[in-house]
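S.K.: Have a look; sequence and predicted model below, questions after that.
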Amino acid sequence: ARDAMSSNMRALGLIIITLLLLTAGEADDTDVQGWTCGYRGLCRKHCYAQEYMIGYHGCPRRYRCCALRF
């Protein structure tokens, strides 16, 4: 049972990695749709002028967490 489980997990991991690579490739310079972080923050490569950077927590690699100033 353990062997079947580990191969399932490996397959699932490959699927997830493939999806991440595909979405990262497509959303290279645009916003990462649906990635939220912090308190109402969004993951972007570069924050807009009206936003401030919270950090990198909860975002994909090379993306930062940006939130609107209020």
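M.R.: Received the coordinates, thanks.
S.K.: For this structure, which segments count as helices?
M.R.: Remark: helices assigned in the chain by DSSP state H are 2-26.
S.K.: quick one, domains of it?
M.R.: The record, using automatic domain parsing to delimit domains, assigns the chain the ranges 1-29, 31-70.
S.K.: In TSV, list the ones you listed along with mean pLDDT and mean neighbour count.
M.R.: In this view, the C-beta of every residue, glycine as well, is placed from N, C-alpha and C. Output for the domains of the chain, formatted as TSV (pLDDT from 0 to 100; neighbours: other CB atoms under 10 Å):
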stretch	mean pLDDT	mean neighbour count
domain 1-29	70	10
domain 31-70	83	15
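S.K.: ok, residue 7 - contacts?
M.R.: Taking CB atoms under 8 Å, 6 or more residues apart in numbering as the contact definition, residue 7 lies against nothing.
S.K.: and if you look at the one 5 residues further on?
M.R.: Not one residue lies near residue 12 by CB under 8 Å, 6+ apart.
S.K.: Now do it against residue 18, distance only.
M.R.: Going from residue 12 to residue 18 by CB to CB, to the nearest Å gives 11 Å.
S.K.: now do residue 55
M.R.: Here the distance between residue 55 and residue 18 works out to 27 Å (CB to CB).
S.K.: can you check residue 68 too?
M.R.: Look at residue 68 and residue 18: by CB to CB, they are 33 Å apart.
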